[in-house]
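Asks: Sharing a model prediction with you, sequence too.
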Amino acid sequence: MMRSRKQSVLQPLLQCFALLVGPLVAWSQPAQSPSIGVAARIFRQGDSVVVRWAPAAPKLWLAANRAGYIVERAVIPQGAASPLNFNTLTFTRLTPQPVRPWTLEQWQEAVGTDTTKQWPMVAAQMLLGEATPLAALNAPAGSARSIGLQATELGNRHGMALFAADLDPTAATGLGLRFVDRTADTSALHTQQVVYRVSIAGGEGEQRVQGHGIASYGSIIPAANTAARGGDGEISVSWNIPPSGSYSGFWVERSDNSKGPWKRLHTSPLVRIFNENEQSGSDPDAPFANVGFTFRDTAIGNYRWYHYRVLGIDPFGGVIPQFQDSAMGRDLTPATAPAEVKGEELSQTAMNLRWEMPKTVSPDLAGFAVLRSLRDDGPFDTVTATLPATARSFTVNGADTAGSYYIVASVDTAGNYGAATVVFADIIDKIPPAQPASLEGRIDTSGLIFLKWSPVRDRDICTYDLFFANDSTDEFTRLTDYPIADTLFVDTLRLQSETRKIYYKVMALDARQNQSPLSAPLELLQPDHIAPDAPSIEGIEGTDSSVVLRWNRSSASDVVLQAVMRRQEGDTVWTKITELPQEVSWYQDTTVIPAAIYHYQLIAADASGLRSQPSNFVSGGSFRLRGPATVSGLSIQLGSDAASIELRWNYTPDSSEPPIRIEVYRAGLYGALEPYKTLPPDARSFSDSNLLGEPIWKYALRVVTATGESLLSDVVAKSVQ
């Protein structure tokens with residue numbers, strides 16, 4: 001007999017399946033407009049069509065239960081435009097009387113006391129069971145809390161009813177959510193499409209609540225990412241629901257044979273339960289996309305094959321095979337690990353390891369393995385084959401060659417390791433490695449230095465250190481930030497020394513960081529990529545028949561010639577008029593035309609053919625040009641903060657030719673003097689703090705009057721390193 005409306009036998013199920021929504025709800029229209037989700041499936045080789053539907057909202061469900069549903073059918077014309085406009089179709093009503101849920105008497109007649117008909121009983125309880133009394137809600141009648149609790153309960157009942165209808169055709173029929181169309185021309189369903197419309201009886205015009213579904217033979221998309229994987233004493237069967245969300249639940253079955261018979265491993269379908277956050281989104285299909293399932297079977301024995309299959313339950317109550325797979329459980333539990341591992345030095349090459357075992361050990365203990373590494377974090381290499389289970393010590397020979405970190409691991413019959421804590425057991429080794437030999441190298445045109453040497457053949461050699469110097473008599477500086485394991489190294493050129501030579505040595509280190517003697521030095525000649533700095537013309541003087549130039553030579557030591565360049569006033573092209581040796585610092589040009597004005601500059605070239613930038617240029621002619629006096633006693637020193645340069649000088653102005661300004665010229669180590677700052681005529685000192693970019697700065701001064709300018713003063717220079 002069915003229980004009365006006041007009796008609820010499904011409270012545990014209500015708690016378990018709270019907020020559950022069946023797949024048909026996901027097929028409905030957007031939540032902002034009340035709708036009915038509809039699906040139609042051709043069954044029995046095409047002799048009938050089963051129509052299923054589901055109201056999307058709990059209140060709509062209550063209204064439909066009272067009014068009933070109207071089912072209609074229409075044929076979609078060939079070549080109909082997409083998307084299909086259902087309002088243009090001609091529908092034929094299939095239900096003269098609205099389809100309504102069963103009465104209590106009809107439920108009792110169909111279900112009776114058959115407790116195996118679980119889901120029809122659930123459906124009947126959701127439909128006819130009495131709601132929780134207001135007094136039991138522990139909230140004042142009409143309060144927001146009581147209204148919310150009643151709405152939640154109604155939502156639970158609605159969801160459970162739709163779920164039961166998905167799982168059992170009898171439950172769907174009893175809830176008024178299923179109709180079998182036996183009048184359709186099923187012989188034509190292979191060539192034409194039929195659409196069904198389900199509406200709530202009593203709706204008129206645009207206010208009619210309805211939904212549409214097209215009859216199809218379509219098979220449901222199978223589950224994806226399926227697999228059965230063996231663990232230790234368990235097998236996990238996993239799969240994903242396809243985004244269409246066309247499954248109401250799943251059954252997992254097991255067999256000892258791939259062809260059956262099959263045993264179902266659980267009494268209720270596996271379902272996905274969604275929370276309020278998952279159901280509150282704007283996309284009604286979102287809760288059903290990419291949902292993963294995993295079923296763990298722990299009633300197995302290891303090392304025995306089991307076969308599994310998963311069956312999907314569609315909204316029509318059908319059971320559809322999804323996939324079949326096999327797996328085996330394996331022993332993955334390690335044996336009891338050793339304890340209190342200690343190491344004792346026996347000699348320069350031997351180490352004795354000892355360990356203890358707990359009173360209770362794994363019954364499948366097969367023995368022990370000893371592993372060793374140069375580092376506490378590995379990688380570890382096996383030192384010996386598996387020792388017997390009775391062993392409690394082991395002597396490592398050659399302990400000075402391969403590392404000081406040891407692990408003693410228990411090994412079970414399945415090959416699982418139970419590793420003890422890493423222990424450090426060091427052999428005292430004071431013997432340095434042999435001196436490295438055959439150090440070779442070359443420098444390519446891009447400035448890369450390639451070094452290589454022969455490996456030292458000592459058994460415990462681990463790494464090498466490299467050293468360099470710019471002079472073979474200097475102390476060598478470590479080149480590598482940390483020891484390297486290779487016998488090849490690539491260096492790059494540093495600031496070039498005057499000799500352009502660089503020297504290298506290599507040292508070997510063993511596992512105990514004992515250092516070998518440094519190798520014999522390797523001498524390499526660096527290619528010259530640095531042009532010399534330009535000379536600085538300090539004076540020009542015209543005579544009756546010549547022009548005399550005087551200059552400060554380039555500071556580069558490899559200058560081989562100095563080219564004197566000249567152009568006449570009005571010309572744009574400089575012409576080389578002579579080349580002079582590096583040691584010359586003046587030149588008398590006797591090829592000038594009297595009264596003509598000439599401009600002069602110098603360029604220095606080194607032995608590699610690299611040329612300096614042009615020097616400053618001066619102008620003169622073959623008549624005497626006597627400019628104003630320049631400053632004297634120019635001195636240079638670092639400022640008190642060691643971050644600036646201070647210049648000081650003397651200057652006595654000529655009353656007949658007072659100065660207008662004093663100009664400061666400046667250049668870096670390899671640059672030509674250029675105008676830098678302009679000072680008032682009474683200035684006798686200058687501070688320069690803009691010193692970035694050069695190791696050495698050079699300065700000179702020039703006095704400018706209304707009638708001309710003086711020669712540059714003596715050049716002074718200062719290192720700022």
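Replies: Now that the structure is in, tell me what you want to look at.
Asks: Helices of the stretch 201-350 of the chain, start to end?
Replies: Assigned by DSSP state H, counting those that start in this stretch, the stretch 201-350 of the chain shows helices spanning 276-279.
Asks: quick one: buried residues of the longest helix seen in the chain?
Replies: Secondary structure of the chain per DSSP state H: the longest helix is helix 144-167. By neighbour count on 16 or more other Cβ atoms under 10 Å, the buried set for helix 144-167 is 149, 153-167. To be clear about C-beta, it is placed using only N, CA and C from the backbone, and glycine gets the same treatment.
Asks: Which strands and helices lie in contact with that helix?
Replies: Contact here means 3 or more Cβ pairs under 8 Å, 6 or more residues apart in numbering; DSSP states H and E; on that basis helix 144-167 packs against helix 11-16, helix 23-26, strand 48-55, helix 58-67, helix 118-128, helix 169-174.
Asks: Let me see the mean pLDDT of stretch 398-407.
Replies: Averaged across stretch 398-407, pLDDT comes to 72.
Asks: one step back: quick one: closest of the helices and strands packed on helix 144-167 to residue 235.
Replies: Among the helices and strands packed on helix 144-167, the nearest to residue 235 by Cβ to Cβ is helix 11-16 (24.9 Å).
Asks: Turn the helices and strands packed on helix 144-167 into CSV, including distance to residue 325 and mean pLDDT.
Replies: Below are the helices and strands packed on helix 144-167 laid out as CSV (distance: least, Cβ to Cβ, whole Å; pLDDT from 0 to 100):
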stretch, distance to residue 325, mean pLDDT
helix 11-16, 28, 32
helix 23-26, 24, 43
strand 48-55, 31, 88
helix 58-67, 39, 89
helix 118-128, 28, 88
helix 169-174, 29, 90
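Asks: In JSON lines, list those along with distance to residue 567 and mean neighbour count.
Replies: Below are the helices and strands packed on helix 144-167 laid out as JSON lines (distance: least, Cβ to Cβ, whole Å; neighbours: other Cβ atoms under 10 Å):
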{"stretch": "helix 11-16", "distance to residue 567": "101", "mean neighbour count": "14"}
{"stretch": "helix 23-26", "distance to residue 567": "90", "mean neighbour count": "26"}
{"stretch": "strand 48-55", "distance to residue 567": "99", "mean neighbour count": "25"}
{"stretch": "helix 58-67", "distance to residue 567": "100", "mean neighbour count": "18"}
{"stretch": "helix 118-128", "distance to residue 567": "107", "mean neighbour count": "24"}
{"stretch": "helix 169-174", "distance to residue 567": "106", "mean neighbour count": "24"}
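Asks: what mean pLDDT does stretch 210-227 have?
Replies: Here the average pLDDT along stretch 210-227 is 72.
Asks: Show me where the stretch 451-600 of the chain has its strands.
Replies: All strands of the stretch 451-600 of the chain, identified by DSSP state E, counting those that start in this stretch, fall at 461-469, 477-478, 488-492, 501-510, 522-525, 536-542, 547-552, 559-568, 575-580, 586-589, 597-606.
Asks: How about the fourth one, which residues are buried there?
Replies: Buried residues in strand 501-510, counting neighbours by 16+ other Cβ under 10 Å, are found at 502-510.
Asks: tell me the phi and psi of the residue nearest to residue 467 when sequence neighbours are not counted?
Replies: Leaving aside its chain neighbours, residue 467 sits nearest to residue 476 (3.8 Å; criterion: Cβ to Cβ, 6 or more residues apart in numbering). With angles defined as degrees, to the nearest 10, residue 476 sits at phi -80, psi 140.
Asks: burial of residue 476, as a residue count?
Replies: Close neighbours of residue 476, defined as other Cβ atoms under 10 Å, add up to 17.
Asks: cool, residue 316 as well?
Replies: 21.
Asks: hang on, the earlier thing: so can I have CSV of the helices and strands packed on helix 144-167 showing distance to residue 300?
Replies: Shown next, in CSV, are the helices and strands packed on helix 144-167 (distance: least, Cβ to Cβ, whole Å):
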stretch, distance to residue 300
helix 11-16, 26
helix 23-26, 32
strand 48-55, 38
helix 58-67, 43
helix 118-128, 27
helix 169-174, 34
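Asks: now for these, which one comes closest to residue 226?
Replies: helix 23-26 (19.2 Å).
Asks: Now do the buried residues in the next helix or strand after that closest one.
Replies: Using DSSP states H and E, the helix or strand that follows helix 23-26 in sequence is strand 36-43. Neighbour counts over strand 36-43 (16+ other Cβ under 10 Å) mark 36-42 as buried.
Asks: ok, of the residues you listed, which one's closest to residue 70?
Replies: For the buried residues of strand 36-43, the nearest to residue 70 is residue 36 (10.8 Å; Cβ to Cβ).
Asks: if I look at the closest one, how far off is residue 119?
Replies: Using Cβ to Cβ, to the nearest Å, we find residue 36 at a distance of 21 Å from residue 119.
Asks: follow-up on the earlier one: just tell me which of the helices and strands packed on helix 144-167 ends up closest to residue 721.
Replies: helix 23-26 (76.1 Å).
Asks: Where does pLDDT dip in the stretch 551-700 of the chain?
Replies: 623-626 (pLDDT under 70).
Asks: An error on my part: the question was meant for the stretch 101-250 of the chain.
Replies: In the stretch 101-250 of the chain, residues with pLDDT under 70: 134-137, 139, 203-207, 217-221, 242-246.
Asks: For the spatially most distant residue from the centre of the chain, which non-adjacent residue is closest in space?
Replies: Each residue of the chain has a distance to the centre, and by Cα atoms, centre = their mean the biggest one is for residue 544: 80.1 Å. Once flanking residues are discounted, residue 544 sits nearest to residue 622: 6.6 Å by Cβ to Cβ, 6+ apart.
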